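Novice: With the input below, show me the fold.
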Amino acid sequence: MSTMKTCMCERKHYRVEHRNHNHSFFESPKGLSHYSDYSGIRCMRCGWCFRSKAKWVFGCPDLSKQEWGKIDRNEFPETLNVGYSVSVQSF
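Specialist: Okay, here's the model as predicted:
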């Protein structure tokens, strides 16, 4: 059994990195922008990144150039332990 930690911050901290598109190597032209129902979301409080196609994403602001710089420098006020936690069970 495995579990994944998630962002517990309020939505007011969320910014849209990639609105309704992705960069796929499975579609042609490979690696370029393609339409998607999903948008890439980034929490500016903890740095968590995820994709969603929920309706509330429409109301989220896009990531500004200043906020992109914050991501490049990994400057987040509250950093969560982002990653996977694996629990092994013996039978």
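Novice: do you know how far the closest residue to residue 33 other than its chain neighbours is from residue 56?
Specialist: In this structure, residue 33 finds its nearest non-sequential neighbour in residue 21, 4.9 Å apart by Cβ to Cβ, 6 or more residues apart in numbering. Every C-beta, even on glycine, is put in place using the N, C-alpha and C of the backbone. Distance of residue 21 to residue 56, given as Cβ to Cβ, to the nearest Å: 18 Å.
Novice: can you check residue 67 too?
Specialist: 19 Å.
Novice: who's more crowded, those two?
Specialist: residue 67 (16 against 10; other Cβ atoms under 10 Å).
Novice: quick one: contacts for the more buried one?
Specialist: With contact set as Cβ atoms under 8 Å, 6 or more residues apart in numbering, residue 67 has these partners: 15, 44.
Novice: Work out for me the element it sits within.
Specialist: helix 65-72 (DSSP states H and E).
Novice: Just the buried residues of that helix, please?
Specialist: Neighbour-count burial for helix 65-72, with 16 or more other Cβ atoms under 10 Å as criterion, is recorded at 67, 70-71.
Novice: where's the nearest residue to residue 56 once chain neighbours are set aside relative to residue 26, distance?
Specialist: In space, residue 56 comes closest to residue 11 once its chain neighbours are excluded; the distance is 6.7 Å by Cβ to Cβ, 6+ apart. Per Cβ to Cβ, residue 11 is found 30 Å from residue 26.
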